[in-house]
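> Sequence and predicted structure are below.
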Amino acid sequence: MISSSKTSLRNKVSSRLSRTLFGRKFQNPVLLAAGTAGFGNEIAGVTDVTRLGGLVTKSISLRPRAGNRSPRVAEFRGGMLNSVGLANPGVARVAADDLPRLLRLAPPAQVLVSIIGFQLDEYAARSEERRVGKECRSRWSPYH
């Protein structure tokens with residue numbers, strides 16, 4: 001059990017780290033970059049997602065996308081390069097399955113949805129999909 005003094009200290013630190021951006025309160029400035037945690041399943045067993053300030057989803061397109069053929073990863077002495085090709089299940093599946101599950105998993109961390117498009121009208125179409133996000137506790141990111 002955590003003592004009340006430790007809990008009090010944790011609350012003070014959390015309060016000092018919180019930030020408000022674009023009208024959203026982030027409990028701290030730690031965000032996982034787009035794609036590093038997929039749609040949350042990939043990281044849930046490794047770290048406590050609720051301790052993050054936010055998580056940026058894997059990028060999604062209007063329609064499902066297979067991505068690039070293999071090989072997708074090349075290692076070299078200084079690191080690695082990847083060219084996955086933005087493989088994703090498409091906005092409809094993410095909005096129906098992945099996003100609601102991630103929103104249940106993540107509070108109070110913010111969930112930011114990364115969108116991709118290949119033509120201007122695709123961005124507008126995905127923006128319309130934000131209405132689905134409103135049904136998921138109004139946490140779909142209007143600015144990413």
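In hand now; what should we look at? Numbers count the residues shown, from 1 in each chain.
> Against residue 46, how distant is the nearest residue to residue 64 once chain neighbours are set aside?
Of all residues not flanking residue 64 in the chain, residue 90 sits nearest, at 3.9 Å (C-beta to C-beta, 6 or more residues apart in numbering). For every residue, glycine as well, the C-beta is placed using N, CA and C. Going from residue 90 to residue 46 by C-beta to C-beta, to the nearest Å gives 26 Å.
> Who has more neighbours out of the two?
The residue with more neighbours, out of residue 90 and residue 46, is residue 90; 14 against 8, by other C-beta atoms under 10 Å.
> which ones are touching that one?
60, 61, 62, 63, 64, 65 (C-beta atoms under 8 Å, 6 or more residues apart in numbering).
> Out of the residues you listed, which comes closest to residue 53?
Ranked by distance to residue 53 (C-beta to C-beta), the contacts of residue 90 are led by residue 60 at 21.2 Å.
> Assess the claim that that closest one and residue 92 are in contact.
No: counting by C-beta atoms under 8 Å, residue 60 sits too far from residue 92 to count as a contact (9.6 Å).
> Who has more neighbours out of these two?
When neighbours are counted by other C-beta under 10 Å, residue 60 and residue 92 differ, and residue 60 comes out ahead with 27 against 14.
> pLDDT weak spots in this protein?
Applying pLDDT under 70 to the chain flags residues 1-14, 124-144.
> Do a quick rundown of the strands in it.
19-21, 24-26, 31-32, 54-56, 73-76, 79-82, 110-112 (DSSP state E).
> Spatially nearest residue to residue 38, not counting backbone neighbours?
Per C-beta to C-beta, 6+ apart, closest to residue 38 is residue 58, 4.9 Å.
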